[in-house]
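Novice: A predicted structure for the sequence below; I have some questions about it.
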Amino acid sequence: MRFDLVLDNANIFTVDASRPRAGSVGIIADRIVAVSERHGLSSHEAERTVDLDGRFVVPGFNDAHNHMPAFGATLNEVPLNAGTVGSIEELVAAIGERVATVPAGTWVVGAGYDHNKLAEGRHPTCHELDRVSAEHPVLLNHTSGHFATLNTAAMRLARIGEVDVPAGGWSRSETMANRTGYSRSRPNNWCGSCSIPARSTRWSRTSTRRVISTCARA
């Protein structure tokens, strides 16, 4: 067998209860295909061999985590993830459906949109949202948590164009004249925190119960 890479002379944590430690691994492409004691693979050819001199090696980690209160909040918001909407047209329609169910002036928040997975490959704009939400402030939170799009009503409440955008981020909606509604990083958090009414304790408890129930079923 010829390996692409051999990591040798290492202290390897295998995540295998029957063999928790090893000293050498052989890799082909992106797969570990052989595990042995130190120098145990030396009889095989390898494109590259790295002597780790006893250093610790662990398999790649998938950091599967969430922020429980924030995730709980999204369960009450308009779902806009890639499995739910596939285009800006569908996203706007989903917001319009929620708008139709709540009184004028009520905040409508969308959760989990990903511009990379929308057919248009871009963020929605306030102009597109305004078509269905002239009397409702709308905030769309990006799946990354680092971007957002606001409609015109939301930007007015956030006083876009009247106050300075916080340092550490930027906004394409700094004036009402050239607005797009798109914001990034800290301005995103600032727009929501300074405009959306604080949630009640009862609301927070309900959201927490829902997220615990959701995670328990996963």
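Specialist: Good, I have the coordinates.
Novice: okay, now residue 79: neighbour count?
Specialist: Other residues lying near residue 79 total 14 when counted by other Cβ atoms under 10 Å. (C-beta placed from N, C-alpha, C; glycine too.)
Novice: how much space between residue 56 and residue 31?
Specialist: Using Cβ to Cβ, to the nearest Å, residue 56 is found at 21 Å from residue 31.
Novice: domains for the chain, by residue range?
Specialist: Domains of the chain are assigned by automatic domain parsing as 2-57, 68-217.
Novice: let me have these in CSV, adding mean pLDDT as columns.
Specialist: Shown next, in CSV, are those (pLDDT from 0 to 100):
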stretch, mean pLDDT
domain 2-57, 95
domain 68-217, 82
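Novice: return the most buried member of those domains.
Specialist: Most buried of these, by mean neighbour count (mean count of other Cβ atoms under 10 Å): domain 68-217, with a mean of 17.
Novice: chain neighbours aside, what residue packs nearest to the residue most central in space within the chain?
Specialist: Per Cα atoms, centre = their mean, the C-alpha nearest to the average position across the chain is that of residue 144, at 2.9 Å. For residue 144, ignoring the flanking residues on the chain, the nearest one in space by Cβ to Cβ, 6 or more residues apart in numbering is residue 114 at 7.8 Å.
Novice: surely the one you found and residue 83 touch.
Specialist: No: counting by Cβ atoms under 8 Å, residue 114 does not reach residue 83; the two are 10.4 Å apart.
Novice: helix or strand: which one has residue 133?
Specialist: Using DSSP states H and E, residue 133 falls within no helix or strand.
Novice: which residues are in contact with it?
Specialist: Contact analysis of residue 133 by Cβ atoms under 8 Å, 6 or more residues apart in numbering lists 95-96, 99, 108, 151, 153.
Novice: between the residues you listed, which is nearest residue 74?
Specialist: Using Cβ to Cβ, residue 108 is the member of the contacts of residue 133 that sits closest to residue 74, with 13.3 Å.
Novice: bridged to the closest one, which residues?
Specialist: Assessed by DSSP bridges, residue 108 has beta-bridge partners residue 138.
Novice: now the longest helix along the chain, how far from the chain's geometric center?
Specialist: For the chain, the helix with the greatest residue count under DSSP state H is helix 201-217. Here helix 201-217 is found 20 Å from its chain centre; the criterion is Cα atoms, centre = their mean, to the nearest Å.
Novice: C-alpha coordinates for it, CSV please?
Specialist: The C-alpha coordinates for helix 201-217 follow below in CSV (Å, rounded to 0.1, in the frame of the first residue of the first chain):
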residue,chain,number,x,y,z
THR,A,201,-39.7,36.9,30.8
ARG,A,202,-42.7,34.8,29.9
TRP,A,203,-41.7,34.9,26.3
SER,A,204,-38.1,33.9,27.1
ARG,A,205,-39.3,31.0,29.3
THR,A,206,-41.6,29.7,26.5
SER,A,207,-38.8,29.9,24.0
THR,A,208,-36.4,28.1,26.3
ARG,A,209,-38.9,25.3,26.8
ARG,A,210,-39.4,25.0,23.0
VAL,A,211,-35.7,24.8,22.3
ILE,A,212,-35.2,22.1,25.0
SER,A,213,-38.0,20.1,23.5
THR,A,214,-36.7,20.5,20.0
CYS,A,215,-33.1,19.4,21.0
ALA,A,216,-34.5,16.5,22.9
ARG,A,217,-36.3,15.2,19.8
